[in-house]
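> give me a model of this one.
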Amino acid sequence: MKKDEWNLDSLTIKDDVDYEEYWKGLEEVYRKFITKWKERKDYLEKPEILKEAFDEYEEMMREYAGGGKMAYYYSLKNAQNQDDLEIKAKLNQFEEKITKLGNEIQFFGLNISKIPHEKQRKFLDYGGLKEYRHHLESSFKEAKHLLSNDEEKIMNLKSSTSHSKWVEMVERIISKKSKKVITEEGIKEISFSEIMGLISSTNKKVRDSAASAINEVLREVVDVAEEEMNAILYDNKVTDELRKFKRPDEGRHLGDDIDTEVVDSLLKAVTENFELSKKYYHLKARLFGLKKLEYHERNVPYGRIDKKYSYDDSVRLVTEVFRNLDGEFADIFNSFVKNGQMDVHPRKGKMGGAFCTHLGKNHPTFILLNHTDRLQDVLTIAHETGHGINNEMIRKKQNAINFGTPKSTAEVASTFMEDFVLQKLFDETDDEELKLSLMMMKLNEDASTIFRQAACYNFETELHKTHAEKGFLSKEEIGKIFSKHMHSYMGDFVEQNEGSENWWVYWSHLRNFFYVYSYVSGLLISKSMQAKVKKDKKFISKVKEFLASGTSDSPKNIFVKMGIDITDKKFWLEGIHEFRDLLDETEKLAKKLGKIE
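Now for the predicted structure:
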């Protein structure tokens, strides 16, 4: 095994334990639990018996959550080589089996959630259930929105045909599209995903050609996407009515363990500060010597960042930053590097991009990279390792049921670590031209994460509201609402070009309704924590407490213990002011260097 590829020995199924044998062992454990508890009602009456059931369930989840090491192994092998159809087939078979088995065991959670209100306090106050207390609180909160066991099975089964299959259809249609475009190597016919990669090219002919091709593809697909979007909007409306949700985003908040008042406070704070993102795009237009940026030019990098960072150089740099924050962070990172938990370089068949993944509490964290010696690759290592450190901190402190992070805070650790690495790069360079490029790069990422995602949430809110009123929205109506909200945060210095009204068509996050707020909350929480650590290095102990909390309590309560009130708009403004301060500093540097007047 190469040192820069995953070592899957802890997951590999040996020759004497084949696929079917492992599945039989997993199924036997699940069946044993189902047989013991499905017909019993005493655990719904006596807290001490519920503790017995929870302990058994927790032990099962340690090893077999999500299909256990077999499912984990095949998913990782699939990421390493997506051309291996045998691996893909086995993964699909295993996922189908575990979904059906999960439907059979869902009785446990449903029964617990429907313990009568007058009896709930007895369970919540029982000392033996202390480590499961928040899980119980969440279950009781969800109860009024849950249906019967059989009805829940139907909801699980119909979600594929009523939502995900529609989305997959549009994604597949788009993925099969290709167009002739201008590239650095000349005119070529390339796929849609490759075309998307060209819109940030520093070569105007290349990016304009790419934008034209994207608009052409989206015009070809928009009629189908119109039907798709209306179908999944209607499905969401029906689901909300069945579950008695009052708002289309209420189910998202409940599932993410975050109060609606917190999300409302977050979005209000960001929306009221859209002037900052508008000011950023005005600065960018001025730096490029333009009155306005074209819609597709929002992310074109300013300046040149040519310095190369080998993987070994990157590891040394990230280790130094982490060590300065806290020795445990560096130790965890170095264990990932040494123990074969990082798959580093791109190769044929390997999944693109980067991710950090974990499954059950008993299985190791793995990180996938595609390192090509760019500065962005250094930041990616820090970002994905942030997720990994989060996993390991939770693993040390929490049980298998609390082993995870709510979506509302999932991006905190990653952006926290990434930003401290970028800060070191700022501090170490004397080249002010490079520093300006780095600052503009950071502002662009933050504007896209904070302001653009908030605008998308506002778009989704109006989309659901208007669809509920009208019953059907034309592609023109959807496009008009989309352009309205894109302009709301970009302002007059980014052109809403003809064709850009259709750019919702390819944006998959907009089908995962109201998910995008989590990017905003994650980065703003991270920024607030960064500011506190810079003022007082001892605050890192509070950060570590947060990183180890998992799903043992709600984000709101976890932050209260840290002296932070995330229901208060002032908290979100702290992170927004970090963006404002960097923007002001960048503008001053640009003026000093004579780049703008």
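> who touches the helix or strand of the chain with the lowest mean pLDDT?
The weakest-scoring helix or strand in the chain, judged by mean pLDDT, DSSP states H and E, is helix 149-159 (a mean of 83). The contact list for helix 149-159, computed with Cβ atoms under 8 Å, 6 or more residues apart in numbering, reads 99, 103, 106, 107, 110, 146, 147, 239, 242. In this view, the C-beta of every residue, glycine as well, is placed from N, C-alpha and C.
> where in the chain is pLDDT low?
For the chain, applying pLDDT under 70 flags the ranges 1-2, 13-17.
> buried ones among the contacts of helix 149-159?
107, 110, 146, 239 (16 or more other Cβ atoms under 10 Å).
> and the two most separated of those?
Greatest spacing in the buried ones among the contacts of helix 149-159, by Cβ to Cβ: 107 and 239 (20.8 Å).
> reformat the contacts of helix 149-159 as TSV; add distance to residue 255 and secondary structure.
Formatted as TSV, the contacts of helix 149-159 follow (distance: Cβ to Cβ, whole Å; DSSP: H, G, I helix; E, B strand; the rest coil):
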residue	distance to residue 255	secondary structure
99	18	helix
103	18	helix
106	15	coil
107	19	helix
110	15	helix
146	12	coil
147	15	coil
239	12	helix
242	15	helix
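> need those in CSV (columns: distance to residue 181).
Listed next are the contacts of helix 149-159 as CSV, based on distance: Cβ to Cβ, whole Å:
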residue, distance to residue 181
99, 40
103, 46
106, 48
107, 54
110, 52
146, 50
147, 49
239, 40
242, 46
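> so which of the residues you listed would you say is closest to residue 186?
Closest to residue 186, out of all of those and judged by Cβ to Cβ, is residue 99, at 47.0 Å.
> could you report the distance from the nearest residue to that closest one once chain neighbours are set aside to residue 573?
Nearest non-adjacent residue to residue 99, counting by Cβ to Cβ, 6 or more residues apart in numbering: residue 156, 7.8 Å away. The gap separating residue 156 from residue 573 is 40 Å, by Cβ to Cβ, to the nearest Å.
> neighbour-wise, which of those two wins?
Between residue 156 and residue 573, counted using other Cβ atoms under 10 Å, residue 573 has the larger neighbour count: 17 against 14.
> please identify the helix or strand for that one.
helix 569-592 (DSSP states H and E).
> hmm, back to that, next, the angle from the helix or strand just after the least confident helix or strand of the chain to helix 149-159.
Moving toward the C-terminus from helix 149-159, the next helix or strand (DSSP H and E) is helix 165-175. Per axes from the mean of the first three to the mean of the last three Cα atoms, to 10 degrees, the angle that helix 165-175 makes with helix 149-159 is 20 degrees.
> still on that earlier bit, quick one: the residue nearest to residue 99 from residue 188, how far?
In terms of Cβ to Cβ, residue 156 sits 44 Å off from residue 188.
> ok so, going back, show me the contact partners of the helix holding residue 573.
With contact meaning Cβ under 8 Å, 6+ apart, helix 569-592 is reached by 265-266, 268-270, 273, 276, 279-280, 283, 286-287, 432, 435-436, 439-440, 442-443, 446-447, 450, 523-528, 530-531, 564-566, 596-597.
> again with stretch 353-367
By Cβ under 8 Å, 6+ apart, the list of residues contacting stretch 353-367 reads 6, 10-11, 61-69, 71-72, 75-76, 79, 336, 339, 341-343, 368-370, 380, 383-385, 387-388, 391-392, 395, 398-400, 403, 414.
> buried residues, it. List them.
354, 356-367.
> any idea how far it is from the chain center?
Here stretch 353-367 is found 14 Å from its chain centre; the criterion is Cα atoms, centre = their mean, to the nearest Å.
> between the two ends of it, what distance do you get?
Stretch 353-367 has its terminal residues 11 Å apart, counting by Cα to Cα, to the nearest Å.
> can you pull the contacts of the nearest residue to residue 242 once chain neighbours are set aside?
In space, and not counting its chain neighbours, residue 242 is closest to residue 147: 6.7 Å by Cβ to Cβ, 6+ apart. Listed by Cβ under 8 Å, 6+ apart, the contact set of residue 147 reads 155, 242, 243.
> so how far is residue 144 from the last one?
For residue 243, the distance to residue 144 under the criterion Cβ to Cβ works out to 9 Å.
> ok, residue 527 next?
Taking Cβ to Cβ, one finds residue 527 at 36 Å from residue 144.
> okay, domains of this structure per the record?
19-146, 164-243, 245-302+406-597 (automatic domain parsing).
> distance to residue 329 for these - can I get that in CSV?
What follows is the domains of the chain, written out as CSV (distance: least, Cβ to Cβ, whole Å):
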stretch, distance to residue 329
domain 19-146, 24
domain 164-243, 31
domain 245-302+406-597, 8
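> could you tell me how many residues sit around residue 82?
Residues near residue 82, counting by other Cβ under 10 Å, number 15.
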